[in-house]
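A.B. asks: Pasting the sequence and the predicted model now:
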Amino acid sequence: MLNFIYYPVSFIMWVWHKAFGFIFGADAGISWVLSVIFLVFTLRAILYKPFVGQVRSMRKMQEMAPEMQRLRKKYANDRQKLTQEMQKLQAENGANPLGGCLPVLVQVPVFIGLFHVLREFKPGKTENYFFGADEVRSFVDSSFFGAKLGATVVNTQYSTVTLQELGGNLTSQLIVMIPLMILAGIFTHITARHSVARQAANPAAMANSQTAIMNKLMLYVFPIGVVVGGPFLPLAILFYWVSNNLWTLGQQYVVYKRIDAEEAEKKDKAAQNRNALAPKPGQKPNRNGSTPAEPEAVEEPETETTESAPEKKPGAKPVTKPKPGAKPVNRSGGSGGRPGGGNRTQARKGKKRR
């Protein structure tokens, strides 16, 4: 029924087992362990771009959190209108909530596929999807420090192969399994803490009650669940879980650092554009928002220099020009139309008196 999942998973694991079997030997336990680990790395490399899209979508959703909260309050009694406005806001900002779930949704069938393939490594079986009879026998007989990769410590209805059937030893199985269980829980917690720390940068997003519940589940419930559920899982699944969390930690560091650098560059460019459009000191800004023009240079009136001024003789009185419309002033201090007019008038008055 789910062969479209089982065949691709078994094929990737088969290819890596061939590669590491050439180096360490086909029956070596390390070849099978590395084939599981690199199965994880291959799938996570394929999902790298969707993961980057997930981070960008989450960042946009965090930026829209205040506006979304405002819409929830505004349309608290109209769910249909709220949904329409939310979709409109997400379309305007290019955010896709479902895009952030794609990497997680893809990993779920991979986990199920690997779990099923490992269960089918049974003694006496002639094939297991891409694996032939010799490869099935090799997996059953191989061990990693005495622990069987396909065996579980606690047998359940889903454990079709018991530790005794594979010829394993309980002590050896626990020596390898317990450290892996602890590492799986620790790495799950660290990965979740890293994601929550990124969300804490946006208080509006953290204020959502659903987000707070999910963060607590990621931080505490999931890591504890991995530790408690470890004995019920095949040993190879624990290798899968540890390697998956290690890849996630490294990928988060690289992707977040890259996105932070891009956002810092955008902020620097925006600041440079604002500074370029800002008016210079002493310059009036244009109302149309364009770059203000340079102030025009004011031509100063030409003044006569000392070279063009006429030379003054020693003892000469300064010559003053009359203002427009004013009568010229006589040199003797009187006023009149002609020079010396004031003296002649006084002389005539003197003759009449005599």
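C.D. replies: Okay, I see it.

A.B. asks: quick one: pLDDT of residue 269?
C.D. replies: For residue 269, the pLDDT comes out at 82.

A.B. asks: Can you tell me how far it is from residue 263?
C.D. replies: Distance, residue 269 to residue 263, by CB to CB, to the nearest Å: 11 Å. Where C-beta positions appear, they are placed from N, C-alpha and C, glycine not excepted.

A.B. asks: hey, where'd the helices end up in the protein?
C.D. replies: Applying DSSP state H to the chain gives helices spanning 3-24, 29-46, 48-63, 65-74, 79-93, 102-119, 133-141, 170-199, 203-206, 209-216, 222-229, 235-277, 341-353.

A.B. asks: Please identify which of these is closest to residue 150.
C.D. replies: Nearest to residue 150 among the helices of the chain is helix 102-119 (5.2 Å), distances taken as CB to CB.

A.B. asks: Check which helices and strands the closest one sits against.
C.D. replies: Applying 3 or more CB pairs under 8 Å, 6 or more residues apart in numbering; DSSP states H and E, one finds that helix 102-119 contacts helix 3-24, helix 29-46, helix 48-63, helix 235-277.

A.B. asks: Just say which of those helices is most tucked in.
C.D. replies: For the helices and strands packed on helix 102-119, average neighbour numbers computed from mean count of other CB atoms under 10 Å are highest in helix 29-46, which has a mean of 20.

A.B. asks: which residues touch residue 153?
C.D. replies: Residue 153 makes contacts with 163, 170, 173-174, 177, 231-232, as judged by CB atoms under 8 Å, 6 or more residues apart in numbering.

A.B. asks: from those, which would you call buried?
C.D. replies: 163, 173, 177, 231 (16 or more other CB atoms under 10 Å).

A.B. asks: backbone phi and psi for residue 130, please?
C.D. replies: phi -80, psi -10 (degrees, to the nearest 10).

A.B. asks: And for residue 124?
C.D. replies: phi 90, psi 0.

A.B. asks: Kindly report the same for residue 47.
C.D. replies: phi -90, psi 10.

A.B. asks: Tell me how far it lies from residue 118.
C.D. replies: Distance of residue 47 to residue 118, given as CB to CB: 21 Å.

A.B. asks: which of these two has more neighbours?
C.D. replies: residue 118 (27 against 19; other CB atoms under 10 Å).

A.B. asks: Help me confirm that that one comes into contact with residue 236.
C.D. replies: Yes: counting by CB atoms under 8 Å, residue 118 does reach residue 236; the two are 5.3 Å apart.
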